[in-house]
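[1] Got a predicted structure plus its sequence, pasted below:
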Amino acid sequence: MRQLNSPLAISLFFLFVILATGATLVRAYKTHHEPGPIEGANFGFCDFHNGIYFPAQAIAARVSPYGQEYGTTYPVPRSTPLYAPSTFLIHWPFAWMSMRAGELVYFSLTFIMAIALAMLSIKCSKLKMSLGMVLFTTLGVVVSRAGYGTFYSGYFTFELVLGTIVALQWGDKPWVGGLGLLFASTKPTYAIPLAIIMAARGHWRALGLGILLNSVLSLAVIAWLLPGRPWDFLLQDIRFGQSQHMADRAEMPEFSWTRVDVVALVAKWLPANPSELIQLLWMFLLLPLPVWLLVKLKSVDKTTAAGGISGTLALLTMNVTVYHHYYDMLVLFVPVIAIAFNQHLWPERSATRFGLAILILFPLMNYFSTNLFFGRMGISDVSAVYQVVTSLNSVCLLVALLWVMAIAWNRLRNVHLSGTQTSKQGQF
């Protein structure tokens, strides 16, 4: 780590961070998404338009972003999927900006949040904070496939990721952990597994506060939209928006190139396209074993570090067991940094740590599972090559999860054996 803090290394890291971020901004504007249906390869800031900017404008005008009226009134490809209503309140300030100003403001915020993720990754790995280490980690975030995709499309991934890490790291501090959960719970596929994991780790007060905060903000949005409409209008709109979302071929588990969860992996090879209910049921079938390990690890993993064994198990579980995309893997920068640099949190053999780091790092950096690659290579989404390439991220994460579960079990067994031996020695 000393080499990372030399003046030359700091200068190079800073230069590369600026160049990489600038190049992404330039490409986003060269392939700028003009509001409306997404055509060709023009995806620049498309998620900012469809997930932040126009929903905020709709809320300001008392139009439900989930419903059919929104899809026909605003230049969007479809209605908004199932985000918590609190999401729209958090992004409400963008309703008062021009689209260009909003893009630049949010891109700048994304850059700040990338630095925050780097600093959190170091903090949660119990490492010394230094300029070289922050720039090195920030560079990793910016050039990763997950980071680049987030910068380029303008999705609010960093809000979800930072909230998740804060909730895990400071779940024993109710208000801090609760605020983290508030930001993470704007998307149900983060909220549900994270809530279960926080309960397993005994962070009940932070969990309760996070749910309360999200409920208050969401009810405020609903109360704002409700006048003149039937009380159940929002449920009907949510069903409409979610049905449109899941009808998108790119979102279907069988064909998606973005999904990294195990259900999408299995669906590709059956092949099958399970309903949302079936996918949710699979989450509840896959969660019990890692959650049981998390409960048991409370007596072993005293560090409470999100980069430790419990945090790594939690973050991998979230990505593998339920609907998640490649950009959601940004949360895994925390365990990557911890595994690579902190032998106190990860005392396993070098080969084990190296193998785990590669398994997690590969999906973060994988630029092959992209529309650009498939288009350039002329690969169809029903070909065997497509299946293999789009399965690699899921396979790596699944193997990493199973490996971390084995390490957790081994640590628990060693503690048990050590306690048994101590007990026997005390009898003599």
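    Structure's in. What do you need? Numbers count the residues shown, from 1 in each chain.
[2] C-alpha only now, for contacts and for neighbours.
    Will do.
[3] lowest-pLDDT helix or strand in this structure?
    helix 233-246 (a mean of 80; mean pLDDT, DSSP states H and E).
[4] Can you name the residues in contact with that helix?
    Ser64, Tyr66, Gly67, Gln68, Arg78, Ser79, Thr80, Pro81, Leu82, Ile222, Glu251, Met252 (CA atoms under 8 Å, 6 or more residues apart in numbering).
[5] now do stretch 73-84
    35-38, 49-51, 54-55, 58, 65-68, 70-71, 185-188, 218, 238, 240-242, 244-245.
[6] re earlier: return the alpha-carbon coordinates of the least confident helix or strand of the chain using CSV.
    C-alpha atoms of helix 233-246 as CSV (Å, rounded to 0.1, in the frame of the first residue of the first chain):
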residue,chain,number,x,y,z
PHE,A,233,-55.4,4.2,-8.1
LEU,A,234,-51.7,3.8,-7.3
LEU,A,235,-51.9,0.1,-7.0
GLN,A,236,-53.5,-0.1,-10.4
ASP,A,237,-50.8,2.2,-11.8
ILE,A,238,-48.0,0.2,-10.2
ARG,A,239,-49.3,-3.0,-11.8
PHE,A,240,-49.4,-1.3,-15.2
GLY,A,241,-45.9,0.1,-14.9
GLN,A,242,-44.4,-3.1,-13.6
SER,A,243,-46.1,-5.2,-16.4
GLN,A,244,-44.6,-2.9,-19.0
HIS,A,245,-41.2,-3.2,-17.4
MET,A,246,-41.2,-7.0,-17.2
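[7] one step back: and which of the contacts of helix 233-246 is nearest Pro193?
    Leu82 (15.8 Å; CA to CA).
[8] one step back: the least confident helix or strand of the chain: how far from the chain's middle?
    Offset of helix 233-246 from its chain centre (CA atoms, centre = their mean, to the nearest Å): 23 Å.
[9] picking up where we left off before, in helices, which of the contacts of stretch 73-84 fall?
    The helices in this structure, assigned by DSSP state H, contain 54-55, 58, 68, 70-71, 188, 218, 238, 240-242, 244-245 from those.
[10] Quick one: buried ones out of those?
    Buried members of these, scored by 16 or more other CA atoms under 10 Å, are 54-55, 58, 68, 70-71, 218, 238, 240-242, 244-245.
[11] Compile the residues you listed into CSV and extend it with columns for distance to Gly228.
    CSV is the format used below for these (distance: CA to CA, whole Å):
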residue, distance to Gly228
Phe54, 22
Pro55, 20
Ala58, 16
Gln68, 17
Tyr70, 16
Gly71, 20
Ser218, 18
Ile238, 18
Phe240, 20
Gly241, 21
Gln242, 23
Gln244, 25
His245, 27
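[12] Out of the residues you listed, give me the two with the largest separation.
    By the measure CA to CA, Ser218 and Gln244 form the most distant pair in those, at 22.1 Å.
[13] To which secondary structure element type does the closest residue to Phe373 other than its chain neighbours belong?
    Using CA to CA, 6 or more residues apart in numbering and skipping residues adjacent in sequence, the residue nearest Phe373 is Tyr367, 7.8 Å away. Secondary structure for Tyr367, judged by DSSP: H, G, I helix; E, B strand; the rest coil, is coil.
[14] Show the low-confidence segments of the stretch 251-400 of the chain, by residue range.
    302-303 (pLDDT under 70).
[15] what ranges do the helices span in it?
    Using DSSP state H, counting those that start in this stretch, the helices found in the stretch 251-400 of the chain span residues 262-269, 276-286, 288-297, 309-321, 333-341, 350-365, 371-377, 384-425.
[16] Of all those helices, which one is nearest Ala167?
    The nearest among the helices of the stretch 251-400 of the chain, by CA to CA, is helix 309-321 at 10.6 Å.
[17] what helices or strands is the closest one leaning on?
    helix 188-200, helix 262-269, helix 276-286, helix 288-297, helix 333-341, helix 384-425 (3 or more CA pairs under 8 Å, 6 or more residues apart in numbering; DSSP states H and E).
[18] So Leu332 sits against Leu313, correct?
    No: with contact defined as CA atoms under 8 Å, Leu332 does not count as touching Leu313 (10.4 Å).
[19] who touches both of those two?
    What both Leu332 and Leu313 touch, as defined by CA under 8 Å, 6+ apart, is an empty set.
[20] quick one, what contacts Thr110?
    Phe151, Gly154, Phe158.
[21] Turn those residues into JSON lines, including pLDDT and neighbour count.
    JSON lines is the format used below for the contacts of Thr110 (pLDDT from 0 to 100; neighbours: other CA atoms under 10 Å):
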{"residue": "Phe151", "pLDDT": "96", "neighbour count": "28"}
{"residue": "Gly154", "pLDDT": "95", "neighbour count": "25"}
{"residue": "Phe158", "pLDDT": "97", "neighbour count": "27"}
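[22] Let's have the residues you listed in TSV, adding distance to Phe233.
    Output for the contacts of Thr110, formatted as TSV (distance: CA to CA, whole Å):
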residue	distance to Phe233
Phe151	34
Gly154	29
Phe158	31
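[23] among those residues, which are in helices?
    If you go by DSSP H, the contacts of Thr110 have Phe151, Phe158 in helices.
[24] Which single one of the contacts of Thr110 is nearest to Ala408?
    Phe158 (28.1 Å).
[25] what's near enough to touch the closest one?
    Going by CA under 8 Å, 6+ apart, Phe158 touches Thr110, Met113, Ala114, Leu117, Thr150, Leu330.
[26] State the distance from it to Ala351.
    Look at Phe158 and Ala351: by CA to CA, to the nearest Å, they are 31 Å apart.
[27] ok, Gly51 - contacts?
    So Gly51 contacts Thr80, Tyr155, Phe156 (CA under 8 Å, 6+ apart).
[28] Out of these, grab the one that's most surrounded.
    In terms of neighbour count, Thr80 stands highest of those at 26 neighbours, by other CA atoms under 10 Å.
[29] Now do the phi/psi pair for it.
    phi -80, psi 140 (degrees, to the nearest 10).
[30] Please produce CSV containing the contacts of helix 233-246, extended by distance to Thr258.
    Below are the contacts of helix 233-246 laid out as CSV (distance: CA to CA, whole Å):
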residue, distance to Thr258
Ser64, 27
Tyr66, 23
Gly67, 25
Gln68, 26
Arg78, 19
Ser79, 20
Thr80, 18
Pro81, 16
Leu82, 18
Ile222, 31
Glu251, 8
Met252, 10
